[in-house]
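Student: Build me a model from this:
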Amino acid sequence: MSKLIKALDAGVSVNSGDRPAKKDESGILKTSAVTDGIFIPKENKVVIDLEELNRLKEPVKYNTIIISRMNTPLLVGANAYIEQDHDNLFLPDRLWAAKPKQGTSMRFVAYILGSGKGRAALSELATGTSGSMKNISKTNILGLSIYTPSLKEQQKIADCLASLDDLIAAHTDKLDALKTHKKGLMQQLFPREGETVPRLRFPEFRGAGEWEAKPLKDLCTAKISYGIVQAGPHVPNGMPYIKSTDLNSELCLSNLERTSDVIAKKYRRSEVEPDDLVFSLRGNIGVAKIVPKDIPVANLTQGTARIRTKGPSQFYLQAFQSRPVHDRILAVSKGSTFQEISLDDLRKIELFHPEISEQQKIADCLTALDDLITAQSEKIAALKQHKQGLMQQLFPSNPVDSP
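Tutor: Predicted coordinates:
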């Protein structure tokens, strides 16, 4: 590294505000500004005091690599290539700016350092007695060995991977736009707090009158019930069971743990079927998923509840995500660091709802958007996987040696 970079310069820590800097203000980067090979400029804090402003040094500059020299064991050594100058943003003392020598492709070096092997090598350099904070010395960074081809090949490899990054960024922007569009649409399709009709209705329902408010328990065909199965050892070909943590990702049969038929029959009262809603009562409360058709029947563990609605379950899934209903759920939850809602409080949550036909129309509209969001997420994941495989082919099997 000492032959590739001419300097490793850190900034200084200064007193700062609790918001990001505006364009005409100065900001000090947070260590979270670099992670997973990505630089996030908005991860900064504004510096207002004149004396503190005068202490700032090391602005964020194009064609450098920012490296986290002090961080948690998981994040120490995190780094990112800088695509452009940010003259109003400055480094703190926990971040380094690696500056190139002539004849070095810094983008190529950044791809090496940001690869799995590169991150592992940087993490191995970290020392410190604290279990929560590690530090990398400048000597160790400069002594790190990177296998490099000619400058022309470095640039060719960097350009190839950069074009993939640009494609991933474009698809990520599209994903963010879809999510923003859905959020705005939901604010229009569901009544706001204190209102009984939404701001936007489909043409065939514009004269249909006000939505009716009822507690959740009156909108179900069966009693809302607790999950009661105790998660135990996995039993191949046994009864699948759903935990609250399963609701944080795609709900499908292949992802679920299974329990013995004996336990499953003992806790049959907690069974769910396709189109039932599974609701998280603990931790990330309010998260809900619909049981898909590839899970013909499953049990629920503690911390979850089964909701079987009279109308289309997709409508109620979207309703739980709407701001007014989500706020009502949070208002009756208990706990500060670990929140929980009781089954009785969940049953009392009031939901506004139109006639079944309008429920279905809203559900179809928002579900179609969800499908687009899922497809876009899968496209990004496939591109990232392609990039990872390409890097394994373009770099030696072990492109980094520790000093």
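Student: Hmm, Leu200 and Leu189 touching each other?
Tutor: Yes - in this structure, Leu189 is within contact of Leu200 by Cβ atoms under 8 Å, at 5.8 Å. C-beta coordinates here come from the backbone N, C-alpha and C atoms, glycine included.
Student: Assign Leu372 to helix, strand or coil.
Tutor: helix (DSSP: H, G, I helix; E, B strand; the rest coil).
Student: Wait, it touches Ala177, no?
Tutor: No - if you go by Cβ under 8 Å, Leu372 and Ala177 don't touch, sitting 10.5 Å apart.
Student: and for those two, which residues touch both?
Tutor: Common neighbours of Leu372 and Ala177 (criterion: Cβ atoms under 8 Å, 6 or more residues apart in numbering): none identified.
Student: Quick test: name the residue nearest the centre of this structure.
Tutor: Centroid-nearest residue in the chain: Asn248, 10.4 Å away (criterion: Cα atoms, centre = their mean).
Student: That one and Ala33, how far apart?
Tutor: Distance, Asn248 to Ala33, by Cβ to Cβ, to the nearest Å: 26 Å.
Student: Also Asp294?
Tutor: Distance of Asp294 to Ala33, given as Cβ to Cβ: 41 Å.
Student: the more surrounded of the two?
Tutor: Neighbours per residue (other Cβ atoms under 10 Å) separate Asp294 from Ala33, with Ala33 holding more: 25 against 10.
Student: So that one is in contact with Ile66, correct?
Tutor: Yes - counting by Cβ under 8 Å, Ala33 touches Ile66, with 7.2 Å between them.
Student: Tell me the strands beside the helix or strand where Ala98 lies, with direction?
Tutor: For Ala98, the enclosing helix or strand under DSSP states H and E is strand 95-100. In the sheet, strand 95-100 lines up against strand 5-10 (antiparallel), strand 65-68 (antiparallel) (DSSP bridges).
Student: Skipping adjacent residues, who's closest to Pro324 in space?
Tutor: The spatial neighbour of Pro324 that comes closest, neighbours along the chain excluded (Cβ to Cβ, 6 or more residues apart in numbering), is Glu193 at 4.7 Å.
Student: Just list the residues touching the one you found, thanks.
Tutor: 323-324, 327.
Student: residues shared between the contacts of Ala33 and Ile66?
Tutor: 39, 80, 95.
Student: number of nearby residues for Ile380?
Tutor: When neighbours are counted by other Cβ under 10 Å, Ile380 registers 17.
Student: Excluding chain neighbours, what is closest to it?
Tutor: Closest to Ile380 by Cβ to Cβ, 6+ apart is His171, at 5.1 Å.
Student: contacting residues for that neighbour?
Tutor: The neighbours of His171, taking Cβ under 8 Å, 6+ apart as the test, are 376, 379-380, 383.
Student: what do you get for Val291?
Tutor: Val291 touches 242, 251, 272-278, 298, counting by Cβ under 8 Å, 6+ apart.
Student: And the pLDDT at it?
Tutor: For Val291, the pLDDT comes out at 93.
Student: Phi, psi for it please.
Tutor: Note on Val291: backbone dihedrals following degrees, to the nearest 10 are phi -70, psi 120.
Student: where along the stretch 51-200 of the chain do the strands fall?
Tutor: Ranges of strands within the stretch 51-200 of the chain are 59-60, 65-68, 70-71, 79-81, 86-90, 95-100, 134-135, 145-146, based on DSSP state E, counting those that start in this stretch.
Student: between the ones you listed, which one is nearest to Asp364?
Tutor: Each of the strands of the stretch 51-200 of the chain has some distance to Asp364 by Cβ to Cβ; the shortest is strand 79-81, at 41.2 Å.
Student: Give me the packing partners of that closest one, helices and strands only.
Tutor: Here strand 79-81 touches strand 34-35, strand 38-39, strand 65-68, helix 106-114, going by 3 or more Cβ pairs under 8 Å, 6 or more residues apart in numbering; DSSP states H and E.
Student: Please identify the buried residues of the lowest-mean-pLDDT helix or strand in the chain?
Tutor: Least confident helix or strand of the chain, by mean pLDDT, DSSP states H and E, is helix 261-266 with a mean of 73. Residues of helix 261-266 classed as buried: 263-264 (neighbour count, 16 or more other Cβ atoms under 10 Å).
Student: now the very next helix or strand once past that helix, how far from the chain's geometric center?
Tutor: Next in sequence after helix 261-266, counting helices and strands by DSSP H and E, comes strand 271-272. Using Cα atoms, centre = their mean, to the nearest Å, the mean C-alpha position of strand 271-272 is found 29 Å from that of the whole chain.
Student: Relative to strand 271-272, what are the paired strands and their orientations?
Tutor: strand 298-300 (antiparallel).
Student: on contacts alone, who are the packing partners of the helix or strand just after the strand it pairs with?
Tutor: Per DSSP H and E, strand 298-300 leads on to strand 304-307 as the next helix or strand towards the C-terminus. Helices and strands touching strand 304-307, by 3+ Cβ pairs under 8 Å, 6+ apart, are strand 225-226, strand 277-280.
Student: Assign the residue of the chain most remote from its centre to one of the three secondary structure states.
Tutor: Distance to the chain centre peaks in the chain at Gly207, reaching 40.3 Å (criterion: Cα atoms, centre = their mean). When classified by three-state DSSP, Gly207 comes out as coil.
Student: tell me the domain boundaries of the protein?
Tutor: When the chain is parsed with automatic domain parsing, its domains come out as 5-146, 150-204+355-403, 212-353.
Student: Any idea which of these has the lowest pLDDT on average?
Tutor: domain 212-353 (a mean of 87).
Student: Please identify the most buried of the strands paired with strand 95-100.
Tutor: Most buried of these, by mean neighbour count (mean count of other Cβ atoms under 10 Å): strand 65-68, with a mean of 24.
Student: can I get the CA coordinates of that strand in CSV?
Tutor: Written as CSV, here are the backbone C-alpha positions of strand 65-68 (Å, rounded to 0.1, in the frame of the first residue of the first chain):
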residue,chain,number,x,y,z
ILE,A,65,-10.6,6.2,-0.5
ILE,A,66,-12.1,6.8,2.9
ILE,A,67,-11.2,4.1,5.5
SER,A,68,-12.7,3.6,8.9
